[in-house]
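Novice: Build the 3D model from these lines:
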Amino acid sequence: MKFYESYENEKINLKAFNTLKRNIIEAEILPGEVIKEEVIKNFLDISRTLSRETIIKLEKENLVKVIPQKGTYVTKINLKKIEDFLYMRKTIEEKVLILALNSDNKNLLNKLFLNLSQQKALIQIDSSSFDLINLDNDFHKIIFEECNLIYIWEMLQTFQAQYDRLRILGLKNGLTKHTMLDHHSQIYECFISKNEIKIKEILNSHLGELRNLYKDIISKNPDFFEL
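Specialist: Residues are numbered from 1 along each chain as shown. A predicted model of the protein is given here:
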């Protein structure tokens, strides 16, 4: 029975964590905003203990900052950390793309084609930015997975949430939606044509110049960012 209770608490805690994480990533809870433990407890209908555990998990992903005697705040979006993450991701993912490109993996192509179809459907119905971001991430995850490098992808996810926060702001302001799909379609075509040079160029554009692409959003919302 103790194991069962622990398992149930774990499920509740995960649901609470995912709910708050999504609200932070989607900017429903804004950077710099205070998150009160009592509000979390009441809103999610969880115990004070689970509320605290949820905050601890969010802090580990650098989505909140707990300041003793003051409170818990949603972290600002740190552009330098995102740039460092993208540098690391591009370095790794370029090698993974070349590995996948030379693998003649039909299963990979089928999975990517299905993912692209889902992206197109979401864009046509103007679905939520969060769902589109998840499909974008899944597109890249499929490539790592089919190269038997899923653990590398999972390690990269430790830093992904900050980047996703920025991308959500971009999508909500009309940036990147069709560009994102176009880049994915081009990557898919490169797998078919075996074009190593082109696939590197597309990846560089896809994970491209951060401050230039988002400069208007950054200038309009300076309080959201750590530069």
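Novice: Poorly predicted segments of the chain, please.
Specialist: 1-10, 12, 127-128, 176 (pLDDT under 70).
Novice: who touches the residue positioned nearest the centre of the chain in this structure?
Specialist: The centroid of the chain falls nearest to Asp164 when counting by CA atoms, centre = their mean (3.8 Å). Residues in contact with Asp164, defined by CB atoms under 8 Å, 6 or more residues apart in numbering, are Ile25, Ile133, Asn137. C-beta coordinates here come from the backbone N, C-alpha and C atoms, glycine included.
Novice: can we see that at 10 Å?
Specialist: Residues counted as contacts of Asp164 (CB atoms under 10 Å, 6 or more residues apart in numbering) are 21-22, 24-26, 82, 129-130, 133-134, 136-137, 157.
Novice: Which members of these are positioned in helices?
Specialist: Among the contacts of Asp164, the ones falling in helices (DSSP state H) are Lys21, Arg22, Ile24, Ile25, Ile82, Ser129, Phe130, Ile133, Asn134, Asp136, Asn137.
Novice: so which of those comes closest to Met180?
Specialist: Met180 lies nearest to Asp136 out of those, by CB to CB, at 5.8 Å.
Novice: So that closest one is in contact with Ile168, correct?
Specialist: No - using CB atoms under 10 Å, Asp136 is not in contact with Ile168, being 11.1 Å away.
Novice: ok, of the ones in helices among the contacts of Asp164, which one's closest to Lys215?
Specialist: Using CB to CB, the ones in helices among the contacts of Asp164 come closest to Lys215 at Ile82, 14.0 Å.
Novice: Relative to Leu210, how far out is the closest one?
Specialist: To Leu210, Ile82 is 6 Å away according to CB to CB, to the nearest Å.
Novice: ditto for Val66
Specialist: Going from Val66 to Leu210 by CB to CB gives 28 Å.
Novice: Show me what counts as buried in stretch 173-188.
Specialist: Of the residues in stretch 173-188, Leu175, Thr176, Lys177, Met180, Leu181, His183, His184, Ser185, Gln186, Ile187, Tyr188 count as buried by neighbour count, 16 or more other CB atoms under 10 Å.
Novice: mind listing the helices for this protein?
Specialist: Under the criterion DSSP H, the chain carries helices at the ranges 2-25, 37-44, 48-60, 79-101, 106-124, 129-146, 150-156, 160-172, 177-193, 196-206, 210-213, 215-220.
Novice: Identify whichever of those lies nearest to Thr72.
Specialist: Proximity to Thr72 (CB to CB) singles out helix 48-60 among the helices of the chain, at 5.7 Å.
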